[in-house]
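Student: Dropping a prediction and its sequence here:
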Amino acid sequence: MINKLIALTATIDSSKNLWRGRLLALFSGLMAAAALPPVYGIVLLIPAFVVLFKLLETSTTGRKSFFVGWWFGLGHFAAGLYWVSYAFMVEASLYGWLAPVAVIFMAAGMALFTGVFSYLVFISNRYIDKSAARVFVFAAIWVLVEWLRGWILTGFPWNLMGTVWGFSDTMMQSASLFGLYGLSLFTVFLATIPVLILKPGIEGTDRGVVLAGLVGLLILIGFGVVRLSLAENTQGTATRLRLVQPNVPQKLKWKRELRARHVRNLIELSQQPAIGKPPTVVIWPEAAVPYDLANTQGLKQAIATVAPKNGYLLVGAPKGSPRGQKPFKIWNSLFAIKPGGAVAATYDKAHLVPFGEYLPFRNLIGDKFGKLTAGRSDFSAGPGPQTINLDGLPSFSPLICYEVIFPDAVTDKNDRPEWLLNLTNDAWFGLSAGPYQHLMAARFRSVEQGMPLVRVANTGITVATDAYGQILGQIDLGEQGIVDVDLAAALKTLPLYARFGNAVPGVLVVLFLGLGLLLGRDKAIKS
């Protein structure tokens with residue numbers, strides 16, 4: 001099949017068959033998306049990236065190369081982010097018509113990054129004429145552009161290519177060394193090197209690169225096996241967590257006549273008898289309380305009845321500015337509530353979702369359009385990552401919703417926490433791939449930082465992991481319930497990535513670029 005697909009790449013520069021090349025790129029992007037969670041069709045990355053590589057090798061202009069990448073990205077992001085459409089169906093009468101438009105426009109926008117990637121590959125191909133060298137540069141440029149996607153316009157590092165290994169705890173462990181960006185680098189490299197075997201007249205350099213790739217894959221597997229077999233004992237902390245998943249459909253969540261019922265349901269779930277040790281901390285998901293918790297009299301005392309003695313209720317809820325204060329502001333917040341209703345700490349979400357929590361360019365658009373979430377006011381942003389220290393509870397880094405998807409941006413570097421807490425509400429995306437992809441991004445933060453992750457979601461997927469990203473307790477998507485689990489301990493020895501952050505995959509990218517230039521130096525010198 002791959003050989004037949006490669007044969008079609010020769011038509012990319014024929015004006016008569018230009019659309020054949022574009023459709024081939026689009027199909028390759030779709031195949032690459034099938035490798036993402038929860039499908040994990042990882043073998044499809046090989047034809048996807050081999051074909052993209054060959055299309056770019058045969059492309060004759062920068063413009064054509066850009067559009068090769070753009071069409072690849074359009075297929076890849078449309079298939080990988082189709083679940084965004086579900087959010088527009090929550091209020092289908094108002095926003096339903098936007099569902100297909102949103103997916104197409106979002107995919108088209110994200111595809112600009114793969115277009116830039118392809119243009120940069122075209123430029124590099126002018127100076128490097130050996131496929132063995134180009135494979136290194138191809139992978140390096142891919143990761144550089146992934147990093148840009150996670151930074152430009154507040155960033156959206158969703159579905160980084162390394163997440164295709166999320167089905168394997170063993171393969172995930174290498175993220176402790178060089179993070180998810182580093183795993184993306186090796187993933188694209190491994191998926192592309194078969195192009196060196198498929199071409200006629202394989203050279204010695206090609207054999208060496210293929211062998212290096214196979215050895216590298218074995219090293220990644222071996223590292224994961226050894227790391228897990230020699231894992232530190234991360235069990236036995238005194239903190240017992242109760243994670244509560246209410247499973248409230250998004251279309252019902254903010255209905256005025258149902259809000260009190262939602263809160264009562266959370267209280268009843270939280271008060272179920274414990275199996276084994278009683279919980280010391282109860283945790284509810286993002287926006288679990290559908291009221292302005294800061295300004296709703298008596299509500300804190302009512303929900304504090306579930307806070308264990310000498311413990312806390314950690315709950316997500318909107319927080320408004322004090323009554324009468326102008327301009328009125330509202331935050332997407334986490335509250336730590338003690339028995340009796342006193343607030344021990346709060347955290348305000350810093351990384352807001354465009355269109356979901358605020359409307360970009362509000363000054364230009366005005367109030368004609370609103371955000372997707374309830375209420376007309378945009379949410380305000382908090383100051384950024386922080387560590388919450390509470391008496392009797394290991395310190396933690398609160399992360400609300402998709403704040404957890406940003407590598408190297410989930411902890412306060414000056415006050416390292418002992419665990420990560422992610423409150424989220426993925427009910428917007430129904431029973432789709434979105435919640436699975438979100439969960440996988442969160443689990444990689446646990447591996448990178450060497451600390452346990454506790455993720456509590458409205459409709460799922462709620463999990464608690466150890467410091468190696470291994471799941472200790474879970475409530476599946478679309479279920480209501482609780483899970484009681486001991487909080488695992490953080491690793492005593494910091495992972496390499498936790499020490500140096502994105503500098504580690506940065507060094508690897510430079511190394512891959514250097515190898516590409518070294519192996520392709522003949523043409524570089526001639527140029």
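Tutor: Happy to help now that I have it. Numbering: from 1, shown residues only.
Student: switch to C-alpha atoms for all contacts and neighbour counts from now on
Tutor: Fine.
Student: give me the low-pLDDT residue ranges for the stretch 301-450 of the chain?
Tutor: 356, 359-376 (pLDDT under 70).
Student: Quick one: the strands in it, in order.
Tutor: For the stretch 301-450 of the chain, strands defined by DSSP state E, counting those that start in this stretch occupy the ranges 312-320, 330-337, 343-348, 388-390, 393-400, 419-424.
Student: In this structure, spot the helix with the most residues.
Tutor: Assignment by DSSP state H gives helix 98-125 as the longest helix of the chain.
Student: So what's the gap between stretch 407-426 and the chain middle?
Tutor: 13 Å (Cα atoms, centre = their mean, to the nearest Å).
Student: Now for Gly392: which residues touch it?
Tutor: 310-311 (Cα atoms under 8 Å, 6 or more residues apart in numbering).
Student: Go again with 10 Å.
Tutor: Going by Cα atoms under 10 Å, 6 or more residues apart in numbering, Gly392 touches 238-239, 280, 310-312.
Student: Select from those residues the one having the most neighbours.
Tutor: Tyr312 (28 neighbours; other Cα atoms under 10 Å).
Student: Out of the strands of the stretch 301-450 of the chain, flag the one nearest Arg126.
Tutor: Smallest distance to Arg126 across the strands of the stretch 301-450 of the chain (Cα to Cα): 44.2 Å, for strand 393-400.
Student: quick one: low-confidence parts of the protein?
Tutor: Using pLDDT under 70, the flagged stretches of the chain are 1-18, 199-202, 236, 356, 359-376, 521-527.
Student: can you rerun that using 50?
Tutor: 14-16, 524-527 (pLDDT under 50).
Student: hmm, back to that, buried ones in the longest helix of the chain, by neighbour count?
Tutor: Buried positions in helix 98-125, judged by neighbour count with 16 or more other Cα atoms under 10 Å: 99-100, 102-104, 106-108, 110-122, 124-125.
Student: if we can go back for a sec, let's have the contacts of Gly392 in JSON lines, adding distance to Lys413.
Tutor: JSON lines is the format used below for these (distance: Cα to Cα, whole Å):
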{"residue": "Ala238", "distance to Lys413": "25"}
{"residue": "Thr239", "distance to Lys413": "24"}
{"residue": "Thr280", "distance to Lys413": "27"}
{"residue": "Asn310", "distance to Lys413": "29"}
{"residue": "Gly311", "distance to Lys413": "27"}
{"residue": "Tyr312", "distance to Lys413": "25"}
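Student: what's the closest of those residues to Pro290?
Tutor: Among the contacts of Gly392, and counting by Cα to Cα, the member closest to Pro290 is Tyr312, at 19.4 Å.
Student: picking up where we left off before, most neighbours per residue, which of the strands of the stretch 301-450 of the chain?
Tutor: strand 419-424 (a mean of 27; mean count of other Cα atoms under 10 Å).
Student: Now do that strand against strand 393-400: the angle between them, please.
Tutor: 40 degrees (axes from the mean of the first three to the mean of the last three Cα atoms, to 10 degrees).
Student: partner strands of strand 419-424, parallel or antiparallel?
Tutor: Using DSSP bridges, the strands paired with strand 419-424 in its sheet are strand 393-400 (parallel), strand 453-457 (parallel).
Student: between those, which one is nearest to Leu185?
Tutor: Judging the strands paired with strand 419-424 by Cα to Cα, what sits closest to Leu185 is strand 453-457, at 24.6 Å.
Student: do you know how far Leu241 is from Pro279?
Tutor: To Pro279, Leu241 is 5 Å away according to Cα to Cα, to the nearest Å.
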